[in-house]
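Generate a structure from the sequence data that follows.
(2 chains)
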Amino acid sequence: MDEVSSLLFASGQPPALRERPPACLRDLELDRVVEAIVADRGEYGLEPVFYTPLRDSDTVSFRQEVFRDFREPRVSDAVRAFASALRAVRAHLRRADKAYSTLEKDRWFLDAAHLYVQAVLALLEGLSSCPLHSRGLVRFRDLLAAYAASPAFRSLAEAAESLQAELSSLRFAVLVQGLRVTVRPYRGEPDHAEVVRSTFERFRQAHGTPYAFEFRHSAELNHVEAQILEGVSRLNPDLFFRVADFRRTCGGLPARWIDAFDREAQFYLGYLDFLAPLEAAGLPFCLPTLRADNSEAFAQGCFDLALAAKLVAHGRVPVLNDFLFRSPERALVVTGPNQGGKTTFARAVGQVFYLASLGCPVPGRQAALPVPDHVLTHFPRGEYTLDLHGKLEDDLLRIREILQVATPKSVVIVNEILSSTALRDARTLSRRLLGRLLEIGGLCVWVTFLDELASLNEKTVSLVATVPPGQPEGRTFRVLRRPADGRAYAEALAQRYRLTYHDVRQRFVP
Amino acid sequence: MTPRLLYPDRDFDWRWALQAATVRAGLRAGHHTAPPPGFDPSAGLPPNVDDLVQDLGLLPLLEAMAGEDDLVFEVSRRLLLEGTSADPAVVAHRQAVLADCLDNPDAVLELYGVSLEAADKLKGRYLGVLARYPDWVLRESVGTLAALLGSLRRLKSAADRHAPRFHSEGWRRLFAALHRDLEDSYLGEMQHHLDALRLPHGHLWSARLGPANKPTDLLLHPPPEGPRSWLERWKAWFRRGQDAYTFELSPRDEAGVKALEALRDRALASAATAVGQAADHVRDFFSCLRAELAFYVGGLRLHTQLRRRGFPTCLPSVHPAGYNLSARGLYDPVLALATDRTVVPNDLEANGKRLVLITGPNSGGKTTFLRSVGIAWLMAQAGLFVPAQSFAVSVCDGVLTHFKREEDPRLESGKFVEELRRMRTLVDLATARSVFLCNESFSATHEREGSEIACQVLDALTEAGVRVFFVTHFFELADRFRARRSGSVLFLRAERDAQGRRTYRMVEAEPLPTSHAEDVYQRVFGTGAVSGVGARSG
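Next comes the predicted model:
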């Protein structure tokens, strides 16, 4: 049943998931994104799903459909509520295992079953209350409906419900005099706190802080509570016999395929939860249109997801950029000043392709691209223990690896390669390496300080990280299609600080 | 029961004030105490508060109001700077309360004394982490209420004695509430209930079985009665039916005793909350009263000092809308308190004006004048008297100061950039009802560039409805506005008398071109060269 109801794969045998992240994840800083997503979802073991990009566009579409369904809050809320209910069910079952007395075990199990029944019914209702379009969720909902209607489930539900109701309506009284404790039936004594409250009503504040009393809470009964429970059970022997019987006769829960659904749904919810604050900050995300080949690929308004998460946490948003590959263009050559947003741009492009191949929404207003077979990256490494010769060699070794793996369906991101090599050598080598990549025919982003690479041939497009006109020290973080010239233009300071008449006036326009 | 001396319809944020006062007391005493958790030092204050205090020189003013009283300092600071109280109803409320205070200073100080005494009694009566335990809350709340009973009685007696001489709505409502809520019979009844809640003879509670069969939803029932009767009563009661299950804990079973206490705590929680909140309320009432009175005590103190030195004050008329601004005998109270020299008061007639351009020689009193306008505006909006013979103003949403900064060497390289950045920040803070006080803004660059930017900013601001006071030595800028002959611009000039001496008086006068820089250049170089190149060769 597992494969048939999978929310991650359309059909057949799912591919083996990778246990370790692909090399590009760290360069693209998606490792931090994945970390954040799985942070409080450790129990689900979702990392391998994020480590295994898909190569066939059918499965990508399959996941995109599910994401689209999950965009409907009624759907995602229902699944979210279900997940938290299942967490509680599992916790209860663990308690039932561990509890000391039979009276306790019986009750933990009853509570677990009751939660489970409610969770299943609530999920079914949630999923039935709005139209679903994805193959994955439609399939699951149908299975769930059949399950909920089955006689086994229905009798489980009824028994759990009625026993719960009986137990929770039972009130008993306890008289404490020194160390002597007497348990007896409740006889309708008045609520004394109410009397006290009405006396002090005059001094009650409208916004008085309620006391957050802390009661040492342990889930297990202590021996005093156990003795009280013993008293209550002796006062009500029939009820407690039926509760015990319920545990004896009930099978195992929850069903395995429901557990699997719960786990796989977290892939979608986790990702969407990560996006939520970014979207709230106004950043756009979209499900890319899938193209059969790489004659055109673009994203509008994209940005570096990891950087965005950091900025938004500080109340800021990143600058949005566009990229476009249109045949015969295969390489975007990015030049411009330091700290001008080149690396961020390159990362953003790589992320769009990688995330798209997971079936996820990507940063950007709109995007269309082929599903790549690999996203290959070459970013400068943090460690500087290598001498210059070693560094050049390291650079070349890494790029060789990339050239060996890359195919016409690959996306290659090369960032500031050969930056510590003599200029003339860097120029020669870079031309040669870029040339080879272009021959392979994949898509490529090449960040460099070498202006001349931008006009290598008709397959290269020049992009420049721009500076505000006249402000060479300023940064726009906009990367635009324009000839690489490294020059900036003059403009009034007032404009930079938005103090022109127009800027200030704009501030007061309602 | 609530004082409502600062706002007609709500309490002052007295918690903040008390915390701020504690922090300040710690700083003054020189020990570094961690700020209370959740305390936001800038709560309620505008983002530009530091600039305001520095540019208007407010610190000495606040110190004059506060003396050694940190609470008065912090309350006054907050209310003076709050900027958001541009609500004429609040201003009217405070002016009326303040007028009563000025008429009955001794009564106000007596009430403030009672609130201080209550605070003193509560020292050390802070529950802290123990507020998590119902039996502690119950016990401590009983103690707190008992301790404050005396203060409540004194407060009521003072209120009853002074009430006839107070006429403002704020005071009358407070006195009436004290009279109504604190009658003796009620205080006695309160005591009776507090005694009963000590549960000396055991307790009875009931519960339901919650998840995991733990007792839940515990209810406290009327406690068993006194020692003579309870034995009989309960014996009889339990003899009635056999449906009871009894067990007894061993005295050495500490865990069992704790478990039993934990259940008792849960049964007590609701009653403890009721008594606890009552104690909180009475304590909070005294704290709130203290914080609200602190503002008027500060006002009284400042008033006394200014009057002693012979400076006039008046309650301003504060208009809800429009472009009113007129003053007679306006002066800077900080200067008035700090110097023995004569302080020159100024008159100002700026009704309907959006831009007041102030020119004139250095050290001519322009900055002092700008400060006096800013301080008076803030004081008027806080509901205080103002340092003037008369003062009328339309409320603003906030005073924004942009003063030339000379003393910060770190900014040397990018002084102009810093000015621009700071101005943009203010523009972002502004609303159409803001007031800008600019002191030689954009002077870190040359006149042409500075004038150009200033002109664009001023046009945009004033067209939006913002009121701007702009002190400048840029003739080019001032002259541009002069040439337009707009009715909404007022030109003031720091006056020089016939001998060229400064009078520190601002007179309505158009800007004058000066050849000041040229003079200096001629004097220093003594050549006819007027350009920089000439200067080097000369």
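
contacting residues around residue 76?
Just so you know, I chose chain A. A:70, A:268-269, A:272 (C-beta atoms under 8 Å, 6 or more residues apart in numbering or on different chains). For the C-beta atoms, the positions are set from N, CA and C on the backbone; glycine is no exception.

actually chain B
By C-beta under 8 Å, 6+ apart, the residues touching residue B:76 are B:62, B:65-66, B:294-295, B:298-299.

Next, work out how far apart residue B:509 and chain A are.
Residue B:509 sits 27 Å away from chain A, going by C-beta to the nearest C-beta, to the nearest Å.

Just the element for residue 393, please.
Just going to use chain A. Following DSSP states H and E, one finds residue A:393 within helix A:388-405.

To clarify, I was referring to chain B.
Going by DSSP H and E, residue B:393 is part of strand B:390-394.

Need the residues that contact that strand.
Here strand B:390-394 has contacts from B:314, B:316-330, B:376-377, B:380, using C-beta under 8 Å, 6+ apart.

and those residues, which of them are in strands?
Assigned to strands by DSSP state E, the following of the contacts of strand B:390-394 qualify: B:317-319, B:325-330.

Alpha carbons only: can I get stretch A:67-81 in PDB?
The C-alpha trace of stretch A:67-81 is given here as PDB (Å, rounded to 0.1, in the frame of the first residue of the first chain):
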ATOM      1  CA  PHE A  67       2.200  21.900  -3.800                       C
ATOM      2  CA  ARG A  68      -0.600  23.600  -5.600                       C
ATOM      3  CA  ASP A  69      -3.200  21.800  -3.500                       C
ATOM      4  CA  PHE A  70      -1.300  22.600  -0.300                       C
ATOM      5  CA  ARG A  71      -1.400  26.300  -1.200                       C
ATOM      6  CA  GLU A  72      -5.100  26.000  -0.300                       C
ATOM      7  CA  PRO A  73      -5.000  26.800   3.400                       C
ATOM      8  CA  ARG A  74      -7.900  24.500   4.100                       C
ATOM      9  CA  VAL A  75      -5.900  21.600   2.800                       C
ATOM     10  CA  SER A  76      -2.600  22.500   4.500                       C
ATOM     11  CA  ASP A  77      -4.300  23.300   7.700                       C
ATOM     12  CA  ALA A  78      -6.100  20.000   7.700                       C
ATOM     13  CA  VAL A  79      -2.800  18.100   7.100                       C
ATOM     14  CA  ARG A  80      -1.000  20.200   9.700                       C
ATOM     15  CA  ALA A  81      -3.600  19.500  12.300                       C
END
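
And the residue nearest the centre of the chain?
Since no chain was named, I'll use chain A. Centroid-nearest residue in chain A, with C-alpha atoms, centre = their mean: residue A:271, separated by 2.0 Å.

look at chain B instead
Centroid-nearest residue in chain B: residue B:78, 2.1 Å away (criterion: C-alpha atoms, centre = their mean).

Residue A:114 is in contact with residue A:88, correct?
No - using C-beta atoms under 8 Å as the test, residue A:88 is too far from residue A:114 to be in contact (10.4 Å).

out of these two, which sits in the busier spot?
More neighbours surround residue A:114 than the other of residue A:88 and residue A:114, with 21 against 16 (other C-beta atoms under 10 Å in any protein chain shown).

got the contact list for the more buried one?
When contacts are counted by C-beta under 8 Å, 6+ apart, residue A:114 touches A:160-161, A:164.

Same question for residue A:128.
A:141, A:145.

Do me a favour and average the pLDDT over the helix or strand hosting residue A:48.
With secondary structure defined by DSSP H and E, residue A:48 is part of helix A:47-51. The pLDDT scores in helix A:47-51 average 95.

buried set for that helix?
The neighbour-count check on helix A:47-51 (16 or more other C-beta atoms under 10 Å in any protein chain shown) flags A:47, A:49-51 as buried.

Next: stretch B:31-51.
Neighbour-count burial for stretch B:31-51 [16+ other C-beta under 10 Å]: B:44-46, B:48-49, B:51.

Equivalent analysis for stretch A:28-46, please.
A:28-34, A:37-38, A:41, A:44, A:46.
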